[in-house]
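K.L.:
No letters, just coordinates:
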């Protein structure tokens, strides 16, 4: 299989073929994979942090609302 990469920049055309084209393709693949892995780890970290906060804050809000309801002002 013959791989060829053509890059046109500023009116100049550069053609890469053979092992250079394979090397550029492999490098682009590794860089894209690294960027996707970084984005995945960041988004998973954000999701876990928000989940942990919600697990802690929702029971606190329920307990506080029960305390306000139980010890609040009684009218009547």
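P.N.:
Now that the structure is in, tell me what you want to look at. Since the model is a prediction, treat every value here as computed from it, not as a measurement.

K.L.:
ok, now which ones touch residue 66?
P.N.:
Contact analysis of residue 66 by CB atoms under 8 Å, 6 or more residues apart in numbering lists nothing. For the C-beta atoms, the positions are set from N, CA and C on the backbone; glycine is no exception.

K.L.:
quick one, strands of this protein?
P.N.:
Using DSSP state E, the strands of the chain run over 4-9, 12-17.

K.L.:
Buried residues, the last one. List them.
P.N.:
Within strand 12-17, the residues scored as buried using 16 or more other CB atoms under 10 Å are residue 16.

K.L.:
one step back: so which of the strands of the chain comes closest to residue 62?
P.N.:
Of all those, strand 4-9 sits nearest to residue 62, with 59.6 Å by CB to CB.

K.L.:
Just the pLDDT for the closest residue to residue 22 other than its chain neighbours.
P.N.:
Of all residues not flanking residue 22 in the chain, residue 3 sits nearest, at 5.8 Å (CB to CB, 6 or more residues apart in numbering). Reading off the confidence values, residue 3 has pLDDT 81.

K.L.:
How about residue 40?
P.N.:
At residue 40, pLDDT is 98.

K.L.:
Give the full set of residues in contact with the closest residue in space to residue 16 that isn't next to it in sequence.
P.N.:
Distances taken as CB to CB, 6+ apart place residue 5 nearest to residue 16, at 4.4 Å, with adjacent residues excluded. Residues in contact with residue 5 (CB under 8 Å, 6+ apart) are 15-17, 21, 24-25.

K.L.:
Any chance of those residues in TSV with distance to residue 34 as columns?
P.N.:
Converted to TSV, these look like this (distance: CB to CB, whole Å):
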residue	distance to residue 34
15	27
16	22
17	26
21	21
24	16
25	15
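
K.L.:
dump the residue contacts of the nearest residue to residue 8 once chain neighbours are set aside.
P.N.:
In space, and not counting its chain neighbours, residue 8 is closest to residue 14: 7.8 Å by CB to CB, 6+ apart. Residues near residue 14 by CB under 8 Å, 6+ apart: 6-8.

K.L.:
List just the nearest of the residues you listed to residue 40.
P.N.:
Comparing those against residue 40 with CB to CB picks out residue 7 as the nearest, at 29.2 Å.
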